[in-house]
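Undergrad: Model the following, please.
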Amino acid sequence: MQKFILVTASALGAFSVMIGAFGAHILREILEMKGRVGTFETAVQYQFYHSLALLGIGLLMYKIEDKLLHYASVSWMAGIVVFSGSLYLLSVSGYRWLGMITPVGGLLFIAGWILLFYVTYRNL
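TA: Residues are numbered from 1 along each chain as shown. The predicted structure is shown next:
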């Protein structure tokens, strides 16, 4: 499981840089026209932050064997898809209803952080 988490974290981190560059260079004009540059940048930032956090969990799994770490990592991966994904789509499409989905991703991020807190408090 650790290998999967580390590989996924690395891929999501690389994707964060690629999509950020894509937004800054290719989509910039479209995002500015729609007034969504900030929304797109928020999606990239949260994806990158949680990619790094996944990397940390993958490494922590070598020290602590606890299936709650697996749940935290799944929560963050789902959070990236839901939170950042909805903001990416909102940024380019302008469909405001996608904004109603974004908080679910935020809750998934929070759940992952709470699980990580609990596991580290209990085990370290």
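Undergrad: mind listing what residue 84 touches?
TA: The neighbourhood of residue 84, defined by C-beta atoms under 8 Å, 6 or more residues apart in numbering, consists of 43, 44, 46, 47, 105. The C-beta positions use only the backbone N, C-alpha and C, and glycine is treated the same way.
Undergrad: Looking at those residues, which are in helices?
TA: With helices identified by DSSP state H, the entries of the contacts of residue 84 that belong to them are 43, 44, 46, 47, 105.
Undergrad: And the furthest pair within the residues you listed?
TA: Among these, the pair separated by the greatest distance (C-beta to C-beta) is 44 and 105, at 13.8 Å.
Undergrad: By mean pLDDT, flag the weakest helix or strand of this structure.
TA: Across the helices and strands of the chain, mean pLDDT, DSSP states H and E gives its lowest value to helix 28-34, namely a mean of 92.
Undergrad: same for that helix, what does it pack against?
TA: Contacting helix 28-34 under the criterion 3 or more C-beta pairs under 8 Å, 6 or more residues apart in numbering; DSSP states H and E are the following elements: helix 37-60, helix 85-93.
Undergrad: Just put the ones you listed in JSON lines and tack on mean pLDDT and distance to residue 18.
TA: Conversion of the helices and strands packed on helix 28-34 to JSON lines gives the following (pLDDT from 0 to 100; distance: least, C-beta to C-beta, whole Å):
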{"stretch": "helix 37-60", "mean pLDDT": "97", "distance to residue 18": "10"}
{"stretch": "helix 85-93", "mean pLDDT": "95", "distance to residue 18": "12"}
